[in-house]
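Peer 1: Structure for the following, please:
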Amino acid sequence: GGTGVWSVVKFEIPAKKRNEVKKLGKISDIYIGESGFIYISEKRTFIETFEGEKWEAPAELDVRGICRDSVLIEYKGNTYIIEFNVLYERLKEFSQAKSLKTS
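Peer 2: Numbers count the residues shown, from 1 in each chain. Got it, this is the predicted structure:
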């Protein structure tokens, strides 16, 4: 992609096939793992599976990188390695609890 028109695309090299997973628009950073991706847009961090399920991360969570499906994050001054799916489930629980609290 280019400025303001980024996309996550899956390439199947043997079949020479290209599938667009998601259009992202404006982003400042993206980290792609085996199970999904994390991107930063307008100073907000989102985690999304390749199936299209998405949640927003708390502002204090700072993603540093992904290797395969291990995510390196910094949270409140501490650095952690966490599996993508575990992080996704915890952020999902956090977001759902947060929305119940504000309802």
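Peer 1: which residues sit against stretch 23-35?
Peer 2: 1, 3-8, 37-43, 49-50, 63, 65-66, 68-71, 84-85, 88 (C-beta atoms under 8 Å, 6 or more residues apart in numbering). All C-beta spots, glycine's among them, are computed from the backbone N, C-alpha and C.
Peer 1: by contact count, what packs against the helix or strand that contains residue 89?
Peer 2: Using DSSP states H and E, residue 89 sits within helix 84-102. Counting by 3 or more C-beta pairs under 8 Å, 6 or more residues apart in numbering; DSSP states H and E, the packing neighbours recorded for helix 84-102 are strand 44-49, strand 54-56, strand 70-75.
Peer 1: Let's have the ones you listed in a markdown table, adding mean neighbour count.
Peer 2: Formatted as a markdown table, those follow (neighbours: other C-beta atoms under 10 Å):
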| stretch | mean neighbour count |
| --- | --- |
| strand 44-49 | 19 |
| strand 54-56 | 17 |
| strand 70-75 | 17 |
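Peer 1: Nearest to residue 18, out of the ones you listed?
Peer 2: Of all the helices and strands packed on helix 84-102, strand 44-49 sits nearest to residue 18, with 19.1 Å by C-beta to C-beta.
Peer 1: ok, the closest one: who's next to it in the sheet?
Peer 2: strand 36-41 (antiparallel), strand 54-56 (antiparallel) (DSSP bridges).
Peer 1: Out of those strands, flag the one nearest residue 95.
Peer 2: strand 54-56 (4.8 Å).
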